[in-house]
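J.: below is the sequence, then the predicted model.
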Amino acid sequence: MNAGRTARERARAELTDQIKMAARRQLAIEGAERLSLRAISRELGMVSSALYRYFPSRDDLLTALIIDAYDALGAAAESTAAAKDDAHPADIWLAVCLAVREWARAHPHEYALIYGSPVTGYKAPQTTVEPASRVPILMLGIVTRAQTLGWLARLDNAPEPTGRLAEQVDVLAALAPGVPRRVLLRVAIVWTQLFGMISFELFGQLVGTMDPADDFFAEASKQMAAFIGLR
């Protein structure tokens with residue numbers, strides 16, 4: 001009885017993976033806007049009603065793909081940080097930035113799904129928040145460690161956040177105990193800069209200037225590390 005259930009669960013997991021693989025192929029060809037459960041069912045030789053038992057709607061499938069993409073990106077960044085656990089926080093920071101870029105370049109369509117244009121009519125559910133937080137939480141952890149070890153510059157001349165901005169920074173403060181709020185504000189700034197640079201590269205905005213972007217990205221990552229006080 002238990003063996004039968006295990007076999008059914010295994011078969012369901014395998015077919016779920018096949019559906020998502022077919023969906024990723026469709027993303028690469030058609031883009032997220034044209035993701036179609038019926039087209040996927042035809043590719044897999046399934047009747048559409050059978051596929052709906054796995055993913056009741058296009059949005060459910062999109063959510064699964066988004067969570068997978070965030071988790072894959074987070075895992076790549078986290079494994080890079082873990083491999084350099086004994087390194088200086090600034091070196092870990094640079095390695096993580098590079099790992100994020102390398103993942104994005106290797107998975108451009110998944111990157112576009114999570115950091116590109118929003119899909120019309122789709123609203124991401126709460127279940128996507130935790131996977132989406134893996135990279136920024138990792139970055140906050142690097143900064144917190146640097147603060148603990150005394151390797152984070154004081155940045156006394158950096159402005160303190162005030163008003164609504166201070167309230168927003170307080171969300172980060174709960175995840176980075178002991179790190180000054182003026183530093184956390186800068187972490188938020190470089191977090192957006194990191195993904196902005198990657199998006200510019202992947203979506204062709206650097207063609208004719210900083211393309212190929214290897215040296216530009218490396219130098220910008222170093223300057224971002226200095227901007228937040230990693231020394």
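T.: In hand now; what should we look at?
J.: in a strand, Glu9, correct?
T.: No. Applying DSSP: H, G, I helix; E, B strand; the rest coil, one finds Glu9 to be helix, outside a strand.
J.: look up how far Glu160 lies from it.
T.: Counting by Cβ to Cβ, to the nearest Å, the gap from Glu9 to Glu160 is 53 Å. Every residue, glycine included, has its C-beta placed from N, CA and C.
J.: extract the residue ranges of this protein that are flagged as low pLDDT.
T.: 1-5 (pLDDT under 70).
J.: show me what contacts Tyr54?
T.: Shown in contact with Tyr54 (Cβ atoms under 8 Å, 6 or more residues apart in numbering): 12, 15-16, 19.
J.: what are the phi and psi values for it?
T.: Here the main-chain torsion angles of Tyr54 (degrees, to the nearest 10) amount to phi -90, psi -40.
J.: from Met210, how far off is it?
T.: Tyr54 is 43 Å from Met210, by Cβ to Cβ.
J.: and what of Ala50?
T.: To Met210, Ala50 is 48 Å away according to Cβ to Cβ.
J.: so between those two, which is more surrounded?
T.: Each of Ala50 and Met210 has its neighbours counted (other Cβ atoms under 10 Å); Met210 has more, 17 against 11.
J.: quick check: the residue nearest to the more buried one when sequence neighbours are not counted vs Gln223, distance?
T.: Nearest residue to Met210, sequence neighbours excluded (Cβ to Cβ, 6 or more residues apart in numbering): Phe216, at 4.1 Å. Counting by Cβ to Cβ, the gap from Phe216 to Gln223 is 11 Å.
J.: and these two? Which one has more around it.
T.: Between Phe216 and Gln223, Phe216 has the larger neighbour count (other Cβ under 10 Å), namely 16 against 11.
J.: in what helix or strand does that one lie?
T.: Phe216 belongs to helix 214-227 when elements are defined using DSSP states H and E.
J.: what of Glu160?
T.: Secondary structure from DSSP H and E places Glu160 outside every helix and strand.
J.: thought Ser41 was touching Phe55?
T.: No. Judged on Cβ atoms under 8 Å, Ser41 makes no contact with Phe55 at a distance of 10.2 Å.
J.: how does the chain divide into domains?
T.: Using the TED database, the domain ranges for the chain come out as 1-56, 59-228.
J.: single out the most deeply packed of these.
T.: domain 59-228 (a mean of 16; mean count of other Cβ atoms under 10 Å).
J.: now the closest residue to Met224 other than its chain neighbours, what's its secondary structure?
T.: Distances taken as Cβ to Cβ, 6+ apart place Val190 nearest to Met224, at 4.1 Å, with adjacent residues excluded. Here Val190 is helix, with the state taken from three-state DSSP.
J.: correct me, but Val190 touches Gly229?
T.: No. Shown here, Val190 and Gly229 do not form a contact pair, counting by Cβ under 8 Å, at 10.7 Å.
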